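[1] what would the 3D arrangement of this be:
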Amino acid sequence: MFRLFGVLLTVLFAIASAIVVWPQFFQLEQTFPFAQLVAVRGVVLAAFLAIALLSLLLLLARPLRGFAASILIVALLGAAATGAIGVMRGFGSGALPAPTDSSVRVLTWNTAGEAVSAETIADAILANEVDVVTLPETAESVGERIAVMLRDQGHPMWVHHVQFGNVENGPQAWETTILISPDLGDYSVIASSEDGSSNTSSVPSAVVMPVNGSGPTIVAVHAVAPRVEAMDRWQSDLNWIADQCPADGDFILAGDFNATLDHMAALGLGGGDMGYCLDAASRTGTGLTGTWPAEYPELLGAPIDHIMASGNWNPTGSLVLDAAGSDHRALVVQLEPAG
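    All right, here's what the predicted structure looks like:
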């Protein structure tokens, strides 16, 4: 009887491990609670290793030896698969190559309101020679202060902004601010972003297009978090974001996606990760580096902040920056024109 029970537990553990390691195979990557578990692959890896260690100890008890050995094998396989995914996507802070005449550097940072000062953001922009900045949860007034500091340092940037609701009485989560170097040309936020007729559901994203049609369309992304009561809105937000990168055109998506690459498995088209856009961090060695929550070590966090670009751009480097007071780390990516 105990042996039968042990076999049943092993089978159930094997099934659960397979779902947690690769939920997209079972089409569960956007389903509670698997969506939450797969977001923190570092924690999943640690859990597999802890179970493997416990199984090793249970091997000392002869009556449990067969059961412990089977659990050990499953746990090691789960850890190996999770680790292999981590190696392929990359973890660590990363690095940026020297900028070139044709390169574009993009920074995204969910600043949690004014948890990060305007001075700190301006310093990060200057230190990394950034051309495009997307700042979810950042007020327009903060963006204007940043722009003044940058102008005084000889690095001018234009400020664009989208908000939901009455921001005077609401949180800065209802705002998204974008800064763009004039070297890329004149830009304007499209009307449907400003009036919310085409946007993410609860917190604002923004589509910013070049006025003369020359240059990349910038999509500053902010999806709602996948809380239990918001799963439908979260899924809708991800679908909206994927729609912003069609097959034709020049696009850069940057912001707080509140989703990892696993959650996007069904949303990529033509080899892309989100629509036809490609994730830069996973192609430059930082794809598994956790950007949230910042108080956790990078390996144990969730990589939910992304910079993606259409196929006419090649990512050549990425860098994860210290959170400096926010609950999100910042991400900087360098892009080069393809070909």
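[2] only the buried residues of stretch 62-78, if you could.
    For stretch 62-78, a neighbour-count test (16 or more other Cβ atoms under 10 Å) marks 64, 67, 68, 70, 71, 72, 74, 75, 77, 78 as buried. To be clear about C-beta, it is placed using only N, CA and C from the backbone, and glycine gets the same treatment.
[3] cool, stretch 184-192 as well?
    Those would be 184, 187, 189, for stretch 184-192 by 16+ other Cβ under 10 Å.
[4] need the residues that contact that stretch.
    Applying Cβ atoms under 8 Å, 6 or more residues apart in numbering, the contact partners of stretch 184-192 are 104, 131-132, 158, 160-162, 178, 180, 197-199, 206-212, 214-216, 218.
[5] ranges for the strands of the stretch 51-200 of the chain?
    Counting by DSSP state E, counting those that start in this stretch, the segments of the stretch 51-200 of the chain that form strands are 94-95, 104-108, 132-136, 158-163, 175-180, 187-189.
[6] you'd agree residue 289 is up against residue 281?
    Yes - the pair formed by residue 289 and residue 281 meets the contact definition of Cβ atoms under 8 Å, at 7.1 Å.
[7] which residues are in contact with both of the two?
    90, 94, 303, 320.
[8] so residue 327, which state does it fall into?
    coil (DSSP: H, G, I helix; E, B strand; the rest coil).
[9] I'd like to know which elements the biggest helix by length in the chain is packed against.
    Across the chain, the longest stretch assigned as helix under DSSP state H is helix 65-89. Using 3 or more Cβ pairs under 8 Å, 6 or more residues apart in numbering; DSSP states H and E as the contact test, the elements touching helix 65-89 are helix 2-21, helix 41-58.
[10] so which of the ones you listed is the most packed in?
    helix 41-58 (a mean of 17; mean count of other Cβ atoms under 10 Å).
[11] now, among the buried residues of stretch 184-192, which is nearest to residue 23?
    Nearest to residue 23 among the buried residues of stretch 184-192 is residue 189, at 35.6 Å by Cβ to Cβ.
[12] re the thing from before, can you add distance to residue 4 and give the buried residues of stretch 62-78 back as JSON lines?
    Converted to JSON lines, these look like this (distance: Cβ to Cβ, whole Å):
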{"residue": "64", "distance to residue 4": "14"}
{"residue": "67", "distance to residue 4": "11"}
{"residue": "68", "distance to residue 4": "16"}
{"residue": "70", "distance to residue 4": "13"}
{"residue": "71", "distance to residue 4": "15"}
{"residue": "72", "distance to residue 4": "19"}
{"residue": "74", "distance to residue 4": "17"}
{"residue": "75", "distance to residue 4": "21"}
{"residue": "77", "distance to residue 4": "23"}
{"residue": "78", "distance to residue 4": "23"}
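[13] and which of the residues you listed is nearest to residue 228?
    The closest of those to residue 228 turns out to be residue 78 (Cβ to Cβ; 25.1 Å).
[14] how much space between the closest one and residue 52?
    Counting by Cβ to Cβ, to the nearest Å, the gap between residue 78 and residue 52 amounts to 9 Å.
[15] please apply the same query to residue 325.
    From residue 325 across to residue 52, the span is 37 Å (Cβ to Cβ).
[16] wait, residue 295 sits on residue 327?
    Yes - between residue 295 and residue 327 there is a contact under Cβ under 8 Å: 7.3 Å.
[17] so which of the two has more stuff around it?
    residue 327 (16 against 9; other Cβ atoms under 10 Å).
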